[in-house]
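S.K.: Predicted model and sequence follow; I will ask about them next.
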Amino acid sequence: MGAARALMQASGTTGFSMRTLAQNAGVSIATPYNLFGSKQAVMIAILETELTAYREALGRVQGDELERLFNAVSIATELYADSPGFYRALLFSVYNDGGTEFRSMFSGSGHALWKGLVEEAIAAGHLSADVEPNAFAVNLGHIFFSCILEWVYGQLSLDELALRVQYGFALALAGMADQQSAARLRERAVSLQKRLRQLWISHAEANRPITRNRSVPA
């Protein structure tokens with residue numbers, strides 16, 4: 001799997017062949033087939049490893065049940081920042097050419113994660129008991145993965161991805177939170193709005209065309 005990850009990081013795609021994978025790993029062409037059976041099986045094994053590492057990283061982070069929902073976003077974007085080419089290739093494959101098994105595995109695991117975090121927040125009293133965990137988790141997943149897709153296609157920076165997802169989470173959670181948590185979430189949303197605005201201004205300034213000074217010296 002290390003050879004496959006290196007190829008994905010270097011190229012930003014999953015378009016390598018099993019022969020290329022074997023050459024990159026320094027083994028015979030038969031070896032990856034003997035170990036995995038197919039390229040899709042290689043991708044599934046990689047995804048399983050990444051999802052396990054992600055859940056373990058989230059489990060090590062301190063914070064209350066409400067904060068863990070935001071930590072889940074921060075940890076994901078930190079992982080993406082470490083190996084952007086690899087994660088772009090992996091996520092592109094999930095949504096486009098990985099097959100239904102690959103996509104269902106990713107979406108199923110992701111939904112289970114968000115549902116578990118929502119259930120923890122309800123049990124702790126941060127969210128109303130009226131919240132239906134499945135429905136709410138689906139909504140959070142849509143917010144998260146729609147922004148991930150924009151990043152995969154080069155339309156968002158990772159900084160903006162994290163801010164936009166957390167802003168969406170804060171707005172969604174505030175509507176179903178207890179009074180104290182709702183006030184805390186609104187405060188977070190206002191702070192995120194300001195950070196998003198600052199980011200957009202800095203992007204606009206960085207992309208502003210340079211104009212020559214046309215004044216004639218005296």
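M.R.: Good, I have the coordinates. Residues are numbered from 1 along each chain as shown.
S.K.: What average pLDDT does the lengthiest helix in the chain get?
M.R.: Ordering each helix of the chain by length in residues (DSSP state H) puts helix 179-206 first. Mean per-residue pLDDT for helix 179-206: 94.
S.K.: distance between it and the chain's centre?
M.R.: The chain centre lies 19 Å from the centre of helix 179-206; the measure is Cα atoms, centre = their mean, to the nearest Å.
S.K.: What residues of it count as buried?
M.R.: Neighbour-count burial for helix 179-206, counted by 16 or more other Cβ atoms under 10 Å, picks out 181-182, 184-185, 188-189, 192, 195-196. C-beta coordinates here come from the backbone N, C-alpha and C atoms, glycine included.
S.K.: Just name whatever secondary elements it is in contact with.
M.R.: Judged by 3 or more Cβ pairs under 8 Å, 6 or more residues apart in numbering; DSSP states H and E, helix 179-206 is in contact with helix 65-82, helix 158-174.
S.K.: among the ones you listed, which is nearest residue 208?
M.R.: helix 158-174 (17.7 Å; Cβ to Cβ).
S.K.: now that closest one against helix 65-82, angle please.
M.R.: 160 degrees (axes from the mean of the first three to the mean of the last three Cα atoms, to 10 degrees).
S.K.: Who are the packing partners of helix 158-174?
M.R.: The contact analysis (3+ Cβ pairs under 8 Å, 6+ apart) places helix 158-174 against helix 65-82, helix 133-152, helix 179-206.
S.K.: Quick check: which of those is nearest to residue 108?
M.R.: Comparing these by Cβ to Cβ, helix 133-152 comes nearest, at 10.7 Å.
S.K.: Off-centre distance for that closest one?
M.R.: 9 Å.
S.K.: Flag every buried residue along that helix.
M.R.: Per 16+ other Cβ under 10 Å, helix 133-152 contains these buried residues: 133, 136-137, 140-141, 143-145, 147-148, 151-152.
S.K.: any chance of those residues in a markdown table, plus distance to residue 108?
M.R.: A markdown table is the format used below for the buried residues of helix 133-152 (distance: Cβ to Cβ, whole Å):
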| residue | distance to residue 108 |
| --- | --- |
| 133 | 15 |
| 136 | 17 |
| 137 | 11 |
| 140 | 15 |
| 141 | 11 |
| 143 | 18 |
| 144 | 15 |
| 145 | 13 |
| 147 | 20 |
| 148 | 16 |
| 151 | 22 |
| 152 | 19 |
